[in-house]
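> I'll drop the sequence and a predicted model, then ask my questions.
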Amino acid sequence: MLKLSTLQGRDKIRSSLAGAMAGGRIPHALLIVGPNGTGKTTLAKAIANGAMCMSPVNGDPCGQCMACKLIAGGMTPELTYIEPDEKGLIPVSAVRQAIDNMYIKPAYASHRVCVIDDCDAMNAQAQNALLKTLEEPPATGMLILTTSHPDLLLPTVISRISRFDIDRADEEETVEYISANYPSSYNRAHFIHMYTGGARGQIDQICTDPEFMELREQTMAHFTAMTSDALDAAYGFATWFEKESDNEEHILKMLMTLYSDMLMLSTGLVSRIINRDYQAKLTTLMEFLTPDLCMKATNAISEYRRRRKSAVNHKMCCEALGLDLTISKSK
Ligand SMILES: [Zn+2]
């Protein structure tokens, strides 16, 4: 049975959770944050198993009680699992239903658990539906949320929930792994480590995809062009970005790393730059891209994600993003 103590490489989060869950003090709401491919769902399910068990040991299920026997048999009547639908959304109705369930006293376990995976797929209305439960949690209910994009959650939700960040693998390990398996990517190992948070699955994907680095160069070229007073750059980006819709998530993430690097440069935190190989180029852009404009750009990217989820016309979303990211004298 999936349990906290047998998960690999999650020592820090495991010991703090085991501490929190020892003696039956089950936290009522948890947020697990980490990049894709770092095992957030597995961790959430392991925690859920410990919470449903009638006599857990340091957060682990005992394996003997009725709840554990049901879980071992693949039956989890006290667990509600929600994930984004085929449109990438978690509708408010699913959230309301899950919350109502949490208030029903469990019959086969010590807690009723609701796991909401990739919870950033909830719109503001769905997130708001959680607030009452976060304020007055049912005694025998537990809510576990996971996300790769905590920036898309409402501050009112984040502030009412215990947050656990999945540890990043260390850079030394990633560099060793890349030099052993993908020597041709060795000189970009720092970027790859920062971009993937050390998640092996993502590292494998990036290092075996020749188009990835090309996409990164194109993103950098558009980023540079938009740091100018040219309206052409905005539409150039929009057209390209719309065409590259399969790579949308990568492009947005790469842009975020570039704006974040500009902020780091402006505050002198040079060691935290992700795109180290672009440092010289980025330095020349500092006179145009002020920290204030970088903040506006990151907001524009979040806004783009929200618009896309609400099914606004794709082309219009791309154009709005291009215009928002292009520096013009009128701003
Ligand atoms: Zn048990």
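Received the coordinates, thanks. None of the values given here were measured: they were computed from a predicted structure.

> what parts of the stretch 51-200 of the chain come near the ion?
53, 61-62, 65, 68 (Cβ under 5 Å from the ion). No exception for glycine: its C-beta is placed from N, CA and C like everyone else's.

> residue ranges with poor pLDDT in the chain?
Under the criterion pLDDT under 70, the flagged ranges of the chain are 8-12, 22-24, 167-169, 229, 328-331.

> buried among the residues of the stretch 51-200 of the chain next to the ion? Make that a ChimeraX selection.
Of these, the buried ones go into a single ChimeraX selection, burial set by 16 or more other Cβ atoms under 10 Å:
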select :53,61,65,68
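
> the residues of the stretch 51-200 of the chain next to the ion in helices, which ones?
Cross-referencing those against helices under DSSP state H gives C68.

> how deep is the closest residue in space to N36 that isn't next to it in sequence tucked in, by neighbour count?
Excluding its sequence neighbours, the residue lying closest to N36 (Cβ to Cβ, 6 or more residues apart in numbering) is S148, at 5.3 Å. Neighbour count for S148, taken as other Cβ atoms under 10 Å: 19.

> what's near enough to touch S148?
Contacts for S148 (Cβ atoms under 8 Å, 6 or more residues apart in numbering) come out as 33-36, 40, 118, 120.

> rerun at 10 Å
Applying Cβ atoms under 10 Å, 6 or more residues apart in numbering, we find S148 in contact with 33-38, 40, 118, 120, 166, 197, 249, 253.

> between those, which is closest to T224?
T224 has its nearest neighbour among these in K253, at 17.6 Å by Cβ to Cβ.

> start and end of stretch 203-218, how far apart?
20 Å (Cα to Cα, to the nearest Å).

> which of the residues in it are buried?
203, 206-207, 212-213, 215-216, 218.

> adjacent strands (with direction) for the longest strand belonging to the chain?
Secondary structure of the chain per DSSP state E: the longest strand is strand 141-147. With DSSP bridges as the test, strand 141-147 is paired with strand 29-33 (parallel), strand 112-116 (parallel).

> indicate which one of these is closest to N299.
Using Cβ to Cβ, the strands paired with strand 141-147 put strand 29-33 closest to N299, at 19.8 Å.

> ok, back up a step: and the buried residues of stretch 203-218, which is closest to Y186?
Among the buried residues of stretch 203-218, and counting by Cβ to Cβ, the member closest to Y186 is C207, at 10.0 Å.

> what number of residues are in the vicinity of the closest residue to that closest one other than its chain neighbours?
Nearest residue to C207, sequence neighbours excluded (Cβ to Cβ, 6+ apart): Y182, at 3.9 Å. Counted with other Cβ under 10 Å, residues neighbouring Y182 total 17.
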